[in-house]
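Q: Just a sequence and a predicted model for now, questions to come.
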Amino acid sequence: MRTLIAFLMLFSYSAMAKECQSELVVSYNGDWKPYFYQFGNDLYEGIDFTLLNRVVTAMGCKVDVLPMTEARSIIELGKGSFDISIGASYPPERAEQFYYSLPYRQEVIGVMFFNNAAHNRHTQLREVLEQGGIVGINISGYFGDLVEALKAQYPKQFVHGFSLPERIAMLSQGKVDAVVDDRGALCHQMKGLRVTSLSSLSEEDSDLVLSDEILHDNEVFFLFSRLTVDKAYVESFNHHLSNVLSQPSETNMQCYERP
């Protein structure tokens, strides 16, 4: 699951959603392909970002992007300055503090290795840790109970890297032995390494290999602060979100056939 603070949205809510008096501002903390990333000066793209834009536009509002550091996002989240975040999982303890949208995507967490004789698609994360391997991960994120248990068992073998490109660079440089993240995001990293088509992707085509192991599987939500957004807004958002999700999508998020 993607971390709660990865991408956050700030706006002024007035009466009905269709009567937005100000622009809706989503924070950008760095590229997270294929979900949210920058491709030019003040130009942004991504599956989640596009979905958010479509829903908000249908509500009569507008989204603007505000670049912001991870540290600043954490501060503003604690103050209740942000009203909605992208790519949130559903830990029960958050339900009293936040409203949830309808689930809009299924997130599947996986693990990636450098493509060599020691690792293949059948290699599992626990095996790497048992052999003393180092794992690159966003420590702030939640990637399921199995990963949490392994982090508790091997605390010195997990190192932090906020952005996935940063962790992939650590992997390529031999600083870590594995990287944990969303399989769709890992897949896009593989796509950039001598691969031209996801449909024809195989282990031999890339410097990286994506394990068949599924570490965690959960639904993903937009998350709203109860301090600044009321239930009527969330209900309106969900109505438009449901309409958008009912439309056909050609997105293919998997590198390999799922085990």
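A: Here it is on my side, so go on.
Q: Which of the residues in the helix or strand where residue 169 lies are classified as buried?
A: Using DSSP states H and E, the secondary-structure element containing residue 169 is helix 164-172. Of the residues in helix 164-172, those scored as buried under the neighbour-count criterion (16 or more other CB atoms under 10 Å) are 164-165, 167-168, 170-171. No exception for glycine: its C-beta is placed from N, CA and C like everyone else's.
Q: Once you drop chain neighbours, what's closest to residue 137?
A: In space, residue 137 comes closest to residue 180 once its chain neighbours are excluded; the distance is 4.8 Å by CB to CB, 6 or more residues apart in numbering.
Q: who touches that neighbour in this structure?
A: With contact set as CB atoms under 8 Å, 6 or more residues apart in numbering, residue 180 has these partners: 109-112, 125, 135-137, 143, 147, 215.
Q: Pick the one among the residues you listed closest to residue 229.
A: Minimum distance to residue 229 across those is 27.0 Å, recorded for residue 143 (CB to CB).
Q: That closest one reaches residue 215, doesn't it?
A: Yes - under the criterion of CB atoms under 8 Å, residue 143 makes contact with residue 215 at 6.2 Å.
Q: shared neighbours of those two, which are they?
A: Each of 109, 180 lies in contact with both residue 143 and residue 215 under the rule CB under 8 Å, 6+ apart.
Q: Of those two, give the one with the bigger neighbour count.
A: The neighbour comparison of residue 143 against residue 215 (other CB atoms under 10 Å) goes to residue 143, with 25 against 20.
Q: Grab the nearest non-local neighbour of the more buried one.
A: In space, not counting the residues next to it along the chain, residue 143 is nearest to residue 109; the distance is 4.8 Å by CB to CB, 6+ apart.
Q: ok, that neighbour touching residue 213?
A: No - Residue 109 is beyond contact range of residue 213, at 9.5 Å (criterion: CB under 8 Å).
Q: which residues in the stretch 151-259 of the chain form helices?
A: For the stretch 151-259 of the chain, the helices identified by DSSP state H, counting those that start in this stretch occupy 164-172, 183-191, 231-245, in order along the chain.
Q: Which strands and helices lie in contact with the first one?
A: Of the remaining helices and strands, those touching helix 164-172 by 3 or more CB pairs under 8 Å, 6 or more residues apart in numbering; DSSP states H and E are strand 105-114, strand 135-137, strand 178-182, helix 183-191.
Q: what's the spacing between the shortest one and its chain's center?
A: So that's strand 135-137. From the chain centre to the centre of strand 135-137 is a distance of 15 Å (CA atoms, centre = their mean, to the nearest Å).
Q: What of the last one?
A: Centre-to-centre, helix 183-191 and its host chain are 12 Å apart (CA atoms, centre = their mean).
Q: Kindly report the same for the longest one.
A: Centre-to-centre, strand 105-114 and its host chain are 10 Å apart (CA atoms, centre = their mean).
Q: Next: stretch 29-43.
A: Computed by CA atoms, centre = their mean, the separation of stretch 29-43 from the middle of its chain amounts to 12 Å.
Q: just stretch 141-149 next, same as before
A: Between the centre of stretch 141-149 and the centre of its chain there are 14 Å (CA atoms, centre = their mean).
Q: Mind listing what's buried along it?
A: Taking 16+ other CB under 10 Å as the neighbour-count basis, stretch 141-149 is seen to contain the buried residues 141-144, 147.
Q: Report the two of these separated the most.
A: In the buried residues of stretch 141-149, the most distant members under the criterion CB to CB are 141 and 144, with 10.2 Å between them.
Q: tally of neighbours for residue 223?
A: Burial of residue 223 is recorded as 23 neighbouring residues (other CB under 10 Å).
Q: close enough to count as contact, it and residue 98?
A: Yes - with contact taken as CB under 8 Å, residue 223 and residue 98 are classed as touching, separated by 5.0 Å.
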